[in-house]
Each structure stands twice: as structure tokens, then as C-alpha cells.
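**Q** Sequence plus the predicted model coming up.
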Amino acid sequence: MKTKSKSFDMKHYINYIVIGIFTLVFGIFSLAGGHLSNSMVFLFEKIAISIILAVSLSLVVGFLGELSLGHAGFMCVGAYLGGKVACLLEPMLGNTAANLLVGLAVGGICAAVCGVIIGIPALRLRGDYLAIVTLAFGEIVKSIFQNTSDESFGGALGLTTPRYDKKYLFIFAFVLVIITLIIVQNFIRSKHGRAVTAIRDNEIAARATGINVTKYKLIAFTLSAFFAGIAGVLYSFSNYTVQSVKFGYNYSIEILVMVVLGGMGSINGAIISAALITFLNTKLATVLTGDLAVLQNLLYAIILILIVIYNNAPKLKSFRAKYNIRNLMSKIIKPKNDPSKRKDDDAKWDVVPTKIEMNEILSIDVKPQKLGSDKKEGGDK
Amino acid sequence: MAEPILRTQSLGISFGGLKAAQDVNITIEKNQIYGLIGPNGAGKTTIFNLLTGVYKPTTGTFFLDGEEICGLSQEKINHKGIARTFQNIRLFNNMSVIRNVMVGLHGQSEYKCSIWDSFFRLPRHFKSEREMRERAKELLRIFDLEEERNGLACNLPYGKQRKLEIARALATGPKLLLLDEPAAGMNPHETEDLQKTIRFIRDEFDMTILLIEHDMKFVADLCDKITVLNFGTVLAEGDTKETLRHPEVVRAYIGG
Amino acid sequence: MELILSTVINGLSLGGIYAMIALGYTMVYGIAKMLNFAHGDIIMVGGYVIYVFMAFHNPLLAILMAVVFCVILGVVIEKVAYKPLRGASPLAVLITAIGISYLLQSLAQIIFGSANKMVTVYDFGSVTFLGATVQVSALVTLGVTVIVMAALTLFVKYTRIGRAMIAVSEDKGAAQLMGINVDGIITVTFAIGSALAALAGLFYLLKAPSISSTLGAMPGIKAFTAAVIGGIGSIPGAMLGGLLLGIVECISYKITVIAPYTDAIEFSILIIILLVRPTGFLGKKRREKV
């Protein structure tokens, strides 16, 4: 019935499998009474949260091609509202999975609603404006929660949330990672995701081809906000207390670094770099203390600049083509990816580029190539 | 007599003080290949932009198949049945050839699949994806692009990019196809090929085509009727051969 | 009455600083078509340079050095980080700018430590005017801003380079064909923007004599807000937006109930303006070319 090659295409499922196995191994170990140190469990939770954040932001930055600098703001909404609901429900539901689930649902939905409210005005505007509006949103949210009264959201001291059993929370977190991946990847690998990438590639053409640009921008943006909210709720359960100061501009940038480092438009890249950066952050935090802690930021800044320039500078294009990892790899390993030999359904989703080359709206268009130049396109992808 | 496919009624637009198009009346009957010609800056592409909703006209309106669709958004107009190509090719460069066409199929009702179907991979998702892929392949076959379907669109040679753009426009299931300088940058052989393709599209898809072109031979060979624009106004219109000989038209082109 | 007067004067003075920074944003945006996120941090660099050179107890020398240093820094950043990306996607440029902003902040923190540094450039004292006590530095700030703004307007209107700037902002390609050195113009723009940022840094130190590595971050964002409110790409727009924002901020601080929400209010104004009038008050509408 279904297309044959589809169900067995490992490439699309490798990230589920890796994370699934990881969760199973540590989950069973933990449930069977094995001892995982507190710091390790906490690190796992943090990694899971980072992955959810990075994957959801990658949807906006990598696939929609818009820059959001308020991802931490959506997370903040989720953390406060989801955490608050969990607090209120604690007398009734106790500290159970049900409470956690309700909290997650509320946090996610509230963040998504904020996404819609911000997205409607912002997505009509050009990319730079979206960046500044989302940034503004993040600051607004931060300042609102900071000035709440002690009994509502804890004000500057922060909201204390229920302590969830450490033994289980990281399992929950990784299950949520897998759910996030399923939803996000299913979205990207569908006609809807195709519409989103079409908008990124050429908005004018997408409109002329009958794509409802506003709708799809809004969907992608809202979906991204929803998962940021989910990550926020997880954060509140993992940290026992939610302080709005944590969700500033810097946190949004940190998530952005994860996405850019992983290669924009690559989900697996985002996962790996999210895990890596979170791990390094935790390790470095113990080594670099006091004024040295800033070395870490310096490092991220340099990496960010170098990666973006390397990936995007028009003048480095030929250099990149010559020395990119894929080509170097293909010299070592026999290339399987020759486009001419590709199976029929193979080119479905994986041709999302690792770098963005949006046609800027006002830019000069594709120059006519020399007539009759039959450029062979084998092997350069 | 049947309702014309497209009828514009004193369509006009001005940018500030500049009247880019003024009082343009065009009537296109079903199955016609209609040419829109004129010197550079005559407002041909402006007319296309008006017809596809990129600009809202300051005066006048237009009807597609008897229905007034002026003032709708670009995607609505596309859904109603006007598809276009661009003077400077606008493909989804970082997507494979077949996906370019599949984006075109996006709005068609027979491939309906809600976002929830996709999230949870319900049967409808697989069904619509499969059908869209089959349909896209058929379209690519017509344009002789089936071999290249898995390569990136930006890697196609120029002539094939033009064809792909037409295929994508056709995929949206239009009643009227607008081609903006389809033969630009093509060699004589490719141009001839393109003529055949355009005729084939008209016959095979029962299509009506409005095209802008500078190649007079191309226009004379292909178009049933033409409208000549100059400085945003209609200079002449009617049967191709006669209109091209019209003294005003000759003057506008040669000067004097 | 006195309260209103002092609030308005303080607001105008703060607004002048915002306008000064907003000018840098607006000019760079108009000419290089990019949002220079690092612009706010140039203010901080300017502040630190003044702090270092105040060791010689010569305010004028310190100010001069700050301006020179910031101009060089701005031009270097443009050449090293933004120029290679000309023609790349706007998103890439934006992310690089954010990286630069981060880089400057962390460098400053490494060099000067995370503790605030105190420096008094010059104490103008205060005057009482119609019963209201006003810092003289606020008046100086306002005065200098107005002069700079007028000079800049004249510069853009009547000099060769200024007119070339307008041409580049209208159409880079056409300007190049007319023999304008587009790269040179962009460099000049960055230089002017950075010089203004250095002055803004000075005014911040006059207002409150304390400096840290994040000094420029918030004013930078707010000044961009001001630029957008006034209409990005427009010099009078930057002035208008800056003054407006400064007054709103000072008034909001005086009203106890909403004082903690001042930042939120300012950013809400931005969102509302973008919703109602995306081009800001004085911005021009650009047509997409199809």
C-alpha cells in the first residue's frame, strides 16, 4: 500500500532511534533502582529541554527563514503558566504524571497563543522587524512576570513549582523530545512543510503559486512557540523555581547559537549541537568561574560569526564547494547519494539545504546562464 | 456567446503621478493564445501584476470567467484560476524539481490533507502525498523534466528552469496561464520547442494563455490575438498579423 | 508644574541620546540595508574608552579618543564581518551582527571585569529653572543632539558624500553605475554611526557615571525601537522617535503604578506602531519589485 522505500528509510528515523535507545537504557536503569547522580539527571533534563528549544527554533530560523529572538520569552510564558497551573492542581492531583501533563498542555497552549498574538502583526513585516518584535516580546514578558505580586507569580523572587520525582522526570523529558521530533519532522516532511520551505526560498513565487504565506508563517511560528512553552514547563518542573531574569535576550541567543551551529535547516544538527552546548555549558561552568565565565560567551560569539560567514559569504562559495564535508567524506566513503541514481522517492525531504540562500526581495534575480550550457549537476549536492 | 475567460474593464494603476497602466481593456476568449506586446516600460508586466493581485488597481476591475476577482489576495486569485510565470525566473531554488511542482499542487482540493493529518501521519497524508507525486511526475514528463526531478531546481539549465516554472504554474490548475517573456534568453531551437509546448498545453489542458514577449516572430507564429501597449495605454488590438502591421504599432516600435 | 518641567527636560535629554543612537541604526539600515545589532555595544566601547583616558583627567582628550576609537572599530567591524556577507541572505547578516554584539560585550567583560566602573567625566552641576531643578548635563546633551542632528541633515543634503549616501540608499546598483563608490559610502556611514554612538556613550556617562559591559545593550534595542517608530531610514524620523521614546520613558518612571513596566510599555508601543503603521511615522513605503 504505502510507498515501499518509505517505511524503511533509516535516514529519517535515525534520530528517533538514537534518542529512543538512550531513553530506554537510562530509563530502565533508573526505574530498576540503579543510581544516577543528581547532577547527571539534571544534565539529562537540561539537554532534553535544550533539544526541544533548538528543534522548535530551527523550525522558524532554518525552515521558515525568519529570525526570532524571543524564543526564551515563549519559554518563559510556558514555564510560569504551566508551573502555576501545576501548583494550583497539586492539592488535587498530587505530584503525579497527570499534573505534569496538564501543566504541559497549559504551558504549551499559552505560549502558542502568545505566538499567534505576536505573529499576526510581526509576520507581515520583513525579517529584521520580526527579530526586533520578538526581542521586544521577550523583554515585555520578562518585565511583566518580574513585577507580579508575590502570591500570584512570585515577582522577582520567582515562582516555586512542585518538585517532581527526579527518577522519572528525565524520562518524561526525553519522551517529550521524541514527541516534539515526531510532530516537527512530520510537519516539515509534509505538503505544509513544503509550503514553508517554498516561502523561505522565494516568497513572491510562493504567493503566486497559491500558498497562503501569512497562514503558513503563522503556523510555523505558533508551532515553534508551542514547543518553546513545553520546554518552559519542563524547565519549571526540573528547576523547582522559575525566575523571569533567566529568560532574557541572552538565553534566546544561546538557543539561536545551537540552531546556527547545527546548520540551519538541519534538525539532527540542531539536536547534536543543543546536546553538545548544554553539556559543555555545564562542564565549563565548573571550570570557568567568576570573571572567566565570560570566556564561554566569547567562544560562542566567535563560533557564531565564523560559521555564518563561512556558510554564507558569496565569495567563499567556490572554496566551500571544494572543501565541504560532504565532498571530503565522499572521497573516503563511496558516495551513495548520486542524484542520477537516486530512487524515486528519495529526494523527498532531505534536500533541505544546510544553509539559507533566500532570494532577497529586492535583489537582482537569477542571471541567465550562457545559452545551451548543459551544466552537469551530478555530484554537487 | 460564451463568457470570455478574462475581461478587464478600464484597468489602470498609477504610482504616485506615474500612470503605469491606464484604461486597459482586454478580452480573452477560451482557448486563445493571446499576446501582450509593447516597447520596454509599456506596462506589460504591470498588467500581469494587476491580474495576479500583486498590485491593486486604482481604477477599473477584471473578471475571470464572469466572476469579478479584482481585489482578492494573490493566493486567492491563484486559487480562482490565474497562474503566472515571472520575467526573471523565480523558482524555489533550494528545493528539488519535483517538489517545486508539488508546491504548485498544494492548493488543489483533490490533494486535501489537513495539518493534523500530517502531524499524526493519518492515511490521508500518505494518500495525498502519493497522488501529488504521481501528478507532479506526469507534469514533469510533459515538459521533459522527469529525468532531472530529484536534482535541485537551481542546477537546471536556463531553458529547463523556464519550463519548470511553467510546469509549476500549471500544477496550480489554472484557467488562465500568464507567461511573462517565456522565450527570453532562449536560443532559436529552444524557442521553437517552447512554441510547440505552449500549443500542446493549450490543447492538452484546454488552457487559455496570455503571454508577454519581445520576439515578434514568436508572437506572430503563436498568438491568435494581441494587444499592443505603449506608455500604459492600449495602442492597438486585434488579430495578430493585422495588428502588427498597424502604422501606430510600427511607429511605436521603430520610433519616428 | 516643576515636576512636569523637569520630567519633560529629562525626557528630552534621554530622548536625545536615543535619537543619537537611532541615527546610527537608521543610516546604516538605510544604506547597507542591515540591522546593525552591534551598534548599541559601540556605545559601551565608547564609554570604556572614555573611562580609560580619563586617567589623564582631560575630558576633551577622552572624548576625542572615544570618537576616534569607535570610528575605527565600526569600520573594522564592517570590513571584517559584514562586507564578506554582502549579497548573502539578510538573516545571515543579522546573525553575524548579533555575534559581534556578543563578542564586544564579552571582550569588554574580560578586559574590564564584570564589576561596574565609576567615572566622572565632568560635573556640570544643576540649575533651577522656573522652580524645577535640572541637571545641566541634560541640557548639554539636548543641545549637542540638536546641533549634531542639524549638521547631519545639512551634510546629507548639501555635500557630495551626503548626496551619494541618498543615492546608495535609493538604489545600490544604479548608484554604482553612476560611478559612486558604494563600498566607500557604506564605510563612511558606519564611521558616522559609530562616532554618534561614541557621543551617546559620553552622554550616558554624564547622566550616570557608571559603566558596565552591558551598558549599550538595552539603549541599543530601545534606540532601534525609536528608529522604527520614527520610520527607519529617515533622519528626522530617528530624532522624532528618539525624543518620543525618551519622554514616554521619563513620564512612565514618574508614575509609580506603571514604573516597573516601563520597558514593557516602550516595547508595546513598538509593536502597536508596527501593527498600525509598519513604516513608522516618517518612513517611506517601499514597493516590492516583482
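**A** Good, I have the coordinates.
**Q** tell me which parts of the stretch 1-150 of chain C are close to chain B?
**A** By CB under 8 Å from any CB of the partner chain, no residue of the stretch 1-150 of chain C approaches chain B. All C-beta atoms are positioned from the backbone trio N, CA, C, and that covers glycine.
**Q** ok, which residues in the stretch 1-150 of chain C are in contact with chain A?
**A** C:29, C:34-35, C:81, C:84-92, C:94-96, C:98-100, C:102-103, C:105-107, C:109-110, C:113-114.
**Q** give me that answer again for 6 Å
**A** Contact residues (CB under 6 Å from any CB of the partner chain) of the stretch 1-150 of chain C with chain A: C:35, C:84-85, C:87-92, C:94-96, C:99, C:102-103, C:106, C:109-110, C:113-114.
**Q** Just give the closest residue to C:L35, not the sequence neighbours.
**A** In this structure, C:L35 finds its nearest non-sequential neighbour in A:D128, 4.3 Å apart by CB to CB, 6 or more residues apart in numbering or on different chains.
**Q** Now for residue 113, how many residues are close by?
**A** Answering for chain A, as no chain was given. Using other CB atoms under 10 Å in any protein chain shown, A:V113 has 16 neighbouring residues.
**Q** wrong chain, I was asking about chain C
**A** 14.
**Q** Show the pLDDT at it.
**A** Looking at C:G113, its pLDDT is 84.
**Q** ok, now the one 4 residues further on?
**A** At C:K117, the predicted lDDT confidence score is 85.
**Q** Repeat that for A:K381.
**A** 31.
**Q** Now the phi/psi pair for A:D165, please.
**A** Phi and psi for A:D165, reported as degrees, to the nearest 10, are phi -60, psi 120.
**Q** Flag the shaky bits of the chain, pLDDT-wise.
**A** No chain specified, so I'll use chain A. A:1-10, A:126-127, A:290-291, A:324-381 (pLDDT under 70).
**Q** that's the other chain; I wanted chain C
**A** C:284-290.
**Q** helix/strand/coil for the residue of the stretch 1-150 of chain B found nearest chain C?
**A** Nearest residue of the stretch 1-150 of chain B to chain C: B:V54, at 5.0 Å (CB to the nearest CB). Counting by DSSP: H, G, I helix; E, B strand; the rest coil, the backbone at B:V54 sits in coil.
**Q** now it: how far from C:G233?
**A** For B:V54, the distance to C:G233 (CB to CB, to the nearest Å) stands at 23 Å.
**Q** Could you do B:E29 as well?
**A** 47 Å.
**Q** So between B:V54 and C:G233, which is more surrounded?
**A** The neighbour count for B:V54 versus C:G233, taken as other CB under 10 Å, is higher for C:G233 (23 against 20).
**Q** so who does the more buried one touch?
**A** Under the criterion of CB atoms under 6 Å, 6 or more residues apart in numbering or on different chains, the neighbours of C:G233 are C:26, C:30.
**Q** Walking through the stretch 101-250 of chain B, point out its helices one by one.
**A** Ranges of helices within the stretch 101-250 of chain B are B:115-119, B:123-142, B:158-171, B:188-205, B:216-222, B:240-245, B:247-254, based on DSSP state H, counting those that start in this stretch.
**Q** hey, which of those helices is tucked in deepest?
**A** Ranked by mean neighbour count, these are led by helix B:158-171 with a mean of 24 (mean count of other CB atoms under 10 Å in any protein chain shown).
**Q** A:Q243 is in contact with A:K142, correct?
**A** No: contact criterion CB atoms under 6 Å: A:K142 and A:Q243 do not qualify, at 9.9 Å.
**Q** Looking at the two, which one has more neighbours?
**A** A side-by-side neighbour count of A:K142 and A:Q243, using other CB under 10 Å, places A:K142 first with 24 against 19.
**Q** Grab the nearest non-local neighbour of the residue nearest the centre of chain B.
**A** Nearest to the geometric centre of chain B sits B:L178, at 1.9 Å (CA atoms, centre = their mean). Spatial nearest neighbour of B:L178, excluding adjacent residues (CB to CB, 6+ apart): B:R84 at 4.0 Å.
**Q** Contacts only, for that neighbour.
**A** Shown in contact with B:R84 (CB under 6 Å, 6+ apart): A:208, B:52, B:178.
**Q** repeat that with 7 Å
**A** Counting by CB atoms under 7 Å, 6 or more residues apart in numbering or on different chains, B:R84 touches A:208, B:48, B:52, B:169, B:178, B:180.
**Q** Look up the closest residue to the third one, ignoring the ones flanking it.
**A** What sits nearest to B:T52 in space, not counting adjacent residues and going by CB to CB, 6+ apart, is B:R84, at 5.2 Å.
**Q** Show the pLDDT at the one you found.
**A** 94.
**Q** Where does A:A72 sit: helix, strand or coil?
**A** A:A72 ends up helix, using three-state DSSP.
**Q** Against chain C, how distant is it?
**A** As judged by CB to the nearest CB, to the nearest Å, A:A72 and chain C stand 14 Å apart.
**Q** Distance-wise, check that residue relative to chain B.
**A** Applying CB to the nearest CB to A:A72 and chain B gives a distance of 25 Å.
**Q** Please apply the same query to A:S39.
**A** Going from A:S39 to chain B by CB to the nearest CB gives 36 Å.
**Q** what's around that residue, how many residues?
**A** 10.
**Q** For my notes, confirm it occurs in a strand.
**A** No: under three-state DSSP, A:S39 sits outside any strand and is assigned helix.
**Q** Tell me which residues touch it, please.
**A** Contacts here follow CB under 7 Å, 6+ apart; on that basis A:S39 touches nothing.
**Q** mind checking how far it is from chain C?
**A** To chain C, A:S39 is 25 Å away according to CB to the nearest CB.
**Q** How many neighbouring residues does the closest residue to C:V136 other than its chain neighbours have?
**A** Spatial nearest neighbour of C:V136, chain neighbours left out: C:F124 (3.6 Å); criterion: CB to CB, 6+ apart. For C:F124, the neighbour count with other CB under 10 Å is 13.
**Q** what's the helix or strand for C:F124?
**A** Under DSSP states H and E, no helix or strand contains C:F124.
**Q** List the contacts of it.
**A** C:135-137, C:140.
**Q** rewinding a little: mind listing the residues bridging to the residue nearest to the centre of chain B?
**A** B:L178 has these beta-bridge partners by DSSP bridges: B:R84, B:L210.
**Q** That one is in contact with B:N49, isn't it?
**A** No: under the criterion of CB atoms under 7 Å, B:L178 makes no contact with B:N49, lying 9.9 Å away.
**Q** related to what we said a few turns ago, between the contacts of C:F124, which is nearest A:I47?
**A** Closest approach to A:I47 among the contacts of C:F124 (CB to CB): C:S137, at 49.8 Å.
**Q** Does the closest one touch C:L206 like I think?
**A** Yes: applying CB under 7 Å, one finds C:S137 in contact with C:L206, separated by 4.0 Å.
**Q** What residues of stretch A:208-218 count as buried?
**A** Buried residues in stretch A:208-218, defined by neighbour count with 16 or more other CB atoms under 10 Å in any protein chain shown: A:208-214, A:216-218.
**Q** is chain C contacted by it?
**A** No: Stretch A:208-218 lies out of reach of chain C by CB under 7 Å from any CB of the partner chain, never closer than 8.4 Å.
**Q** Show me the contact partners of that stretch.
**A** Applying CB under 7 Å, 6+ apart, the contact partners of stretch A:208-218 are A:64, A:116, A:119-120, A:123, A:192, A:195-196, A:198-199, A:203, A:206-207, B:52, B:74-75, B:78-79, B:84, B:103-104, B:106-107, B:168, B:172.
**Q** Alpha carbons only: can I get that stretch in CSV?
**A** What follows is stretch A:208-218 as a C-alpha-only set of coordinates in CSV (Å, rounded to 0.1, in the frame of the first residue of the first chain):
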residue,chain,number,x,y,z
ALA,A,208,1.9,33.4,-7.0
THR,A,209,1.8,29.7,-6.6
GLY,A,210,-1.2,29.9,-4.4
ILE,A,211,0.5,29.4,-1.0
ASN,A,212,-1.2,31.3,1.8
VAL,A,213,2.0,32.9,3.0
THR,A,214,0.7,34.5,6.2
LYS,A,215,-1.1,31.4,7.3
TYR,A,216,2.0,29.2,6.9
LYS,A,217,4.3,31.7,8.5
LEU,A,218,1.9,31.8,11.4
